[in-house]
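Asker: could you work out the structure for the sequence below:
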Amino acid sequence: MVGYEEIGDAAGLARCYNNLGIVNETRAHYITALEYLIKAAKASEKAHENTLLSTIYLNMADIYSRQENHVKALALTQRALQAFMGAEDTCTMREFMANWGSDHCLGAI
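Answerer: Numbers count the residues shown, from 1 in each chain. Model prediction:
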């Protein structure tokens, strides 16, 4: 990650932090995962990468949902939607939201 910082690639750094967050979430290390995802969100904001930022927010929402903190999960899902609306990649937005909704909302019914 030092390489991304040295060359000023905030988007690359955000992707690395996001991936580390996902790995830690998979291992049920939720606190560590959130720490990486917060770093990913900051780097993504710096890079003006709205599609990536939306994905990061949804990853964070997933963790809070797994911890049954649905208020935070909903707030982050709303932030993800706002970030997606600022992105030009509407195809990815529709696909990701449809998949995320079916995985999380329907499972609760």
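
Asker: C-alpha only now, for contacts and for neighbours.
Answerer: OK.

Asker: what's around Thr59, how many residues?
Answerer: If you look again at residue 59, you'll see it is Asn, not Thr. By other CA atoms under 10 Å, the residues close to Asn59 number 24.

Asker: so it touches Asn24, yeah?
Answerer: No - at 11.3 Å, Asn59 does not count as touching Asn24 under the criterion of CA atoms under 8 Å.

Asker: where in this protein is pLDDT low?
Answerer: Low-confidence segments of the chain (pLDDT under 70): 1-7, 87-109.

Asker: show me the residue at the heart of it, geometrically.
Answerer: Central residue of the chain (CA atoms, centre = their mean): Ile56, 1.2 Å from the mean position.

Asker: that one: which element?
Answerer: helix 50-66 (DSSP states H and E).

Asker: now tell me what touches the next helix or strand after that helix from outside.
Answerer: Tracing the chain past helix 50-66, the next element assigned as helix or strand by DSSP H and E is helix 70-85. In this structure, residues lying in contact with helix 70-85 by CA atoms under 8 Å, 6 or more residues apart in numbering are 50-51, 53-58, 60-65, 90, 93.

Asker: stretch 36-46 now?
Answerer: 10-11, 13-18, 20-21, 50, 52-53, 56-57, 59-60.

Asker: now that stretch, how far from the centre of its chain.
Answerer: 9 Å (CA atoms, centre = their mean, to the nearest Å).

Asker: let me know how buried His48 is, in neighbour terms.
Answerer: Residues lying near His48 (other CA under 10 Å) number 16.

Asker: wait, I meant Arg27
Answerer: When neighbours are counted by other CA under 10 Å, Arg27 registers 10.
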